[in-house]
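Peer 1: Using only what follows, build the 3D model:
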Amino acid sequence: MVRQKNLPRRHHFVPQMILRNFTADDGRLCYHQRDWEEGKIVRVKPNDVFFERDLYTRLLADGSKDVSIELTFSKIESVAANFIGQLCAGVRQGNTITMNDGAWNFWFHLVKRTPGYMNAITDNPEFYAVLAPPVRLSDYGQP
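Peer 2: Residues are numbered from 1 along each chain as shown. Purely as a prediction, here's the structure:
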């Protein structure tokens, strides 16, 4: 059985692997929020922005937590990471990039993982009815 304390908690709705492509030499991003005063910008690490705690976690009837959505996003990101690197490098060189099916799949899921979208669809009881059976960390070779 998966120990609940090992579950991922910081669910990034903008993947860190994308953010890392826009950091300065010190590994930090320039960050601003719309509700801050005009001109306020802070420098942050990709791990510290664009996340919400337990955004994709659902509580099961037995009291355990299912993180299958987060783990699915993680798998998609691992496949897309190479493409994102190629995309950034190509665009910086002025090239036009062709997106394959995997890249389109990634972008499709990327736009649907924001807190606003997740809150809207998870309020619908039918949302969980169409999910695959819960995925556990052990399904991905993690203890």
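Peer 1: So for the helix or strand that contains Trp104, what gets flagged as buried?
Peer 2: According to DSSP states H and E, Trp104 maps onto helix 101-110. Neighbour-count burial for helix 101-110 flags Ala103, Phe106, His109, Leu110 (criterion: 16 or more other CB atoms under 10 Å). To be clear about C-beta, it is placed using only N, CA and C from the backbone, and glycine gets the same treatment.
Peer 1: so who does the last one touch?
Peer 2: What that stands for is Leu110. By CB atoms under 8 Å, 6 or more residues apart in numbering, the residues touching Leu110 are Pro15.
Peer 1: how close does it get to Leu87?
Peer 2: Per CB to CB, to the nearest Å, Leu110 is found 13 Å from Leu87.
Peer 1: returning to that earlier point: quick one: which two of the buried residues of helix 101-110 are the most distant?
Peer 2: In those, two members sit farther apart than any others by CB to CB. They are Ala103 and His109, at 11.1 Å.
Peer 1: so where is the chain shaky, pLDDT-wise?
Peer 2: 1-5, 122-143 (pLDDT under 70).
Peer 1: can you do 50?
Peer 2: Applying pLDDT under 50 to the chain flags residues 1-2, 132-133, 135-143.
Peer 1: And the strands in the protein, which stretches?
Peer 2: 10-12, 29-31, 42-44, 51-53, 58-59, 65-66 (DSSP state E).
Peer 1: Please identify the deepest-packed of these.
Peer 2: strand 10-12 (a mean of 19; mean count of other CB atoms under 10 Å).
Peer 1: Can you list the strands that that one pairs with?
Peer 2: If you go by DSSP bridges, strand 10-12 pairs up with strand 51-53 (antiparallel).
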